[in-house]
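Colleague: With the input below, show me the fold.
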Amino acid sequence: QVQLVESGGGLVQAGGSLRLSCAASGRTFSSYGMGWFRRAPGKEREFVAAISWAGAYTLYVDSVKGRFTISRDNAKKNTVYLQMNSLKLEDTAVYYCARHQGSGIHMADNYFDSWGQGTQVTVSS
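Modeller: Here you go, the predicted structure:
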């Protein structure tokens with residue numbers, strides 16, 4: 001079973017940037033698509049971004065397009081990243097990394113079979 005560990009969350013002012021990291025255990029990281037989801041206070045978990053196994057394809061929720069970038073390092077670090085720029089108050093949430101059940105990408109969380117514990121991102125005014 002893969003272990004996913006997120007880091008990089010914190011408190012940032014609106015307009016600022018953060019980069020989240022998700023380190024994955026195991027030797028098969030590069031075979032799977034990966035995704036980021038978030039859960040804001042009082043809301044359902046929502047899809048944020050996903051990346052295919054080799055990084056050729058990415059997918060974003062409309063609210064973060066042009067501000068967030070998902071990427072991955074398969075060669076050395078077994079890590080997926082979420083670069084978040086121009087942060088808004090509404091980006092405040094716990095952010096979760098997840099592994100897709102295959103090599104592709106989807107927005108629906110039922111396609112993801114392993115989840116990290118989450119990292120808190122708080123955007124202040």
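Colleague: can you tell me how far the nearest residue to residue 29 once chain neighbours are set aside sits from residue 121?
Modeller: Nearest residue to residue 29, sequence neighbours excluded (C-beta to C-beta, 6 or more residues apart in numbering): residue 78, at 4.2 Å. In this view, the C-beta of every residue, glycine as well, is placed from N, C-alpha and C. Using C-beta to C-beta, to the nearest Å, residue 78 is found at 22 Å from residue 121.
Colleague: hang on, the earlier thing: so the residue nearest to residue 29 touches residue 23, yeah?
Modeller: Yes: Residue 78 is within contact range of residue 23, at 6.4 Å (criterion: C-beta atoms under 8 Å).
Colleague: Assign the residue positioned nearest the centre of the chain to helix, strand or coil.
Modeller: The centroid of the chain falls nearest to residue 36 when counting by C-alpha atoms, centre = their mean (2.5 Å). Residue 36 falls in the strand class when you classify it by DSSP: H, G, I helix; E, B strand; the rest coil.
Colleague: what pairs with it across the strands?
Modeller: residue 49, residue 97 (DSSP bridges).
Colleague: Residue 20 is in contact with that one, correct?
Modeller: Yes: here residue 36 reaches residue 20: they are 7.1 Å apart, a contact under C-beta under 8 Å.
Colleague: shared neighbours of these two, anything?
Modeller: Common contacts of residue 36 and residue 20, defined by C-beta atoms under 8 Å, 6 or more residues apart in numbering, comprise 82, 95, 97.
Colleague: So which of those is the closest to residue 112?
Modeller: residue 97 (9.4 Å; C-beta to C-beta).
Colleague: That closest one contacts residue 6, doesn't it?
Modeller: Yes: contact status for residue 97 versus residue 6: in contact at 5.0 Å, counting by C-beta under 8 Å.
Colleague: For those two, indicate the residue with more neighbours.
Modeller: Higher neighbour count among residue 97 and residue 6: residue 97, with 28 against 22, using other C-beta atoms under 10 Å.
Colleague: what's the burial count for residue 10?
Modeller: Residue 10 has 12 nearby residues by other C-beta under 10 Å.
Colleague: ugh, typo on my part, it should be residue 43
Modeller: With other C-beta under 10 Å as criterion, residue 43 counts 9.
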